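**Q** attaching a predicted model along with its sequence, questions to come.
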Amino acid sequence: MDTNSPDTATATLLSVQNLTMRFGGLTAIDDLSLDVPAGSITGIIGPNGAGKTTLFNCLTGFYKPTTGSLRLDHPTHGEMRLEALPSHRVARDAQVVRTFQNIRLFPKMTVLENLIVAQHNVLQRASRFSIAGLFSLPGYRQAEKEAIERAATWLQRLRLEHLADHAAGELPYGIQRRIEIARALCVDPVLLCLDEPAAGLNPRESAELNALLLYLCRELGIAILLIEHDMSVVMNVSDHIGVISYGRKIAEGTPEQVKNDPQVIKAYLGEDDEDAENSGNAVTEGAAA
């Protein structure tokens, strides 16, 4: 995909329109509208409890929104309404995949096996309810071969191939974060949703994550939607940022526009409006606290 073409630069991949998510009397997301451009990295930031992870859960089918729509302009299938899809079809058909705040690898499986398991939807169809798999029929053997090749390709692209036969749970935390992203990539995502991928990383690992995200977007054309508290990641890689507070969008724009927005500064630091205009840099330096 050519991420520098005019069409890609201006097209909207995902349109969140008037999204509301209520849990009984609690409104976690309140009439939220947000666009995610194709071929770009969009950051979602906000104080703890702002509704960021709830937004991801709605996008990926874990929650069904109370009201509103999630319209994906899929490059192959055209417009898809994510809120109308069962959760397993959001990843399988819409190719919207996510990682989680807490690492969810299978620790006793090898790195390669973790990436193969991520392709279970394809392998399950090829197994014909396990019959083809049990008897190792040609169709299943071909699907299995392609799953291994895809996993090996992503391990190579993310410089993890030398760890393919290591147990995932025995590897350093930063490497496990990278493996989790590689596993998500095995389903060829149209939109990759990363929930705090820099959590627990040291400064060197955060810098490596920045380089990886830019590679995935700029070189491979994968659109990324990113929730992150580490402002050194968000501000350095995002093309576009949306800010949520108490479930509502309070700002949207470029990193420079967002970090100097008085409402953003007030949401993070609790300052009066007249003090906010002098505190833009504090957002980038202190928001992760």
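**A** Right, received. Where do you want to start?

**Q** in the chain, which residue is most central in space?
**A** Among the residues of the chain, the one closest to the centroid is residue 193, at 1.2 Å (CA atoms, centre = their mean).

**Q** who are the contact partners of the closest residue to residue 177 other than its chain neighbours?
**A** Excluding the flanking residues, the one nearest residue 177 by CB to CB, 6 or more residues apart in numbering is residue 197, at 5.9 Å. All C-beta atoms are positioned from the backbone trio N, CA, C, and that covers glycine. Contact analysis of residue 197 by CB atoms under 8 Å, 6 or more residues apart in numbering lists 99, 177, 180-181, 209, 213, 226, 228, 233.

**Q** identify the farthest-apart pair in these.
**A** Largest separation among those by CB to CB: 180 and 233, giving 15.5 Å.

**Q** between those two, which one's more packed in?
**A** Taking other CB atoms under 10 Å, residue 180 and residue 233 do not tie; residue 233 has more neighbours (24 against 21).

**Q** how much space between the more buried one and residue 106?
**A** Distance, residue 233 to residue 106, by CB to CB, to the nearest Å: 26 Å.

**Q** before we move on, what about residue 66?
**A** Note on residue 66: its distance to residue 106, by CB to CB, is 34 Å.

**Q** one step back: how far away is the residue nearest to residue 177 from residue 180?
**A** Relative to residue 180, and taking CB to CB, residue 197 is found at 8 Å.

**Q** shared neighbours of these two, anything?
**A** residue 99.

**Q** so who does residue 87 touch?
**A** Taking CB under 8 Å, 6+ apart as the test, what residue 87 contacts is 60-62.

**Q** show me where the chain has its helices.
**A** Residue ranges of the helices in the chain, as given by DSSP state H, are 6-10, 52-59, 87-92, 111-117, 120-127, 131-134, 138-157, 173-185, 203-214, 231-237, 255-259, 262-269, 273-276, 280-286.

**Q** redo the ones you listed as a markdown table? Include distance to residue 220.
**A** Shown next, in a markdown table, are the helices of the chain (distance: least, CB to CB, whole Å):
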| stretch | distance to residue 220 |
| --- | --- |
| helix 6-10 | 13 |
| helix 52-59 | 21 |
| helix 87-92 | 18 |
| helix 111-117 | 16 |
| helix 120-127 | 20 |
| helix 131-134 | 31 |
| helix 138-157 | 8 |
| helix 173-185 | 9 |
| helix 203-214 | 10 |
| helix 231-237 | 14 |
| helix 255-259 | 22 |
| helix 262-269 | 30 |
| helix 273-276 | 38 |
| helix 280-286 | 27 |
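
**Q** count of residues packed around the closest residue to residue 21 other than its chain neighbours?
**A** Excluding the flanking residues, the one nearest residue 21 by CB to CB, 6+ apart is residue 29, at 4.2 Å. Residue 29 has 27 neighbouring residues, counting by other CB under 10 Å.

**Q** and the gap between residue 29 and residue 46?
**A** Residue 29 is 11 Å from residue 46, by CB to CB.

**Q** are there residues contacting both of those two? Which ones?
**A** With CB under 8 Å, 6+ apart, residue 29 and residue 46 have common neighbours residue 244.

**Q** pLDDT weak spots in the stretch 1-150 of the chain?
**A** 1-10, 120-140 (pLDDT under 70).

**Q** domain-wise, how is this protein divided?
**A** Residue ranges for the domains of the chain, per automatic domain parsing: 6-95+188-284, 107-175.

**Q** what about the first one, distance to the chain center?
**A** Distance of domain 6-95+188-284 from the chain centroid (CA atoms, centre = their mean, to the nearest Å) equals 8 Å.
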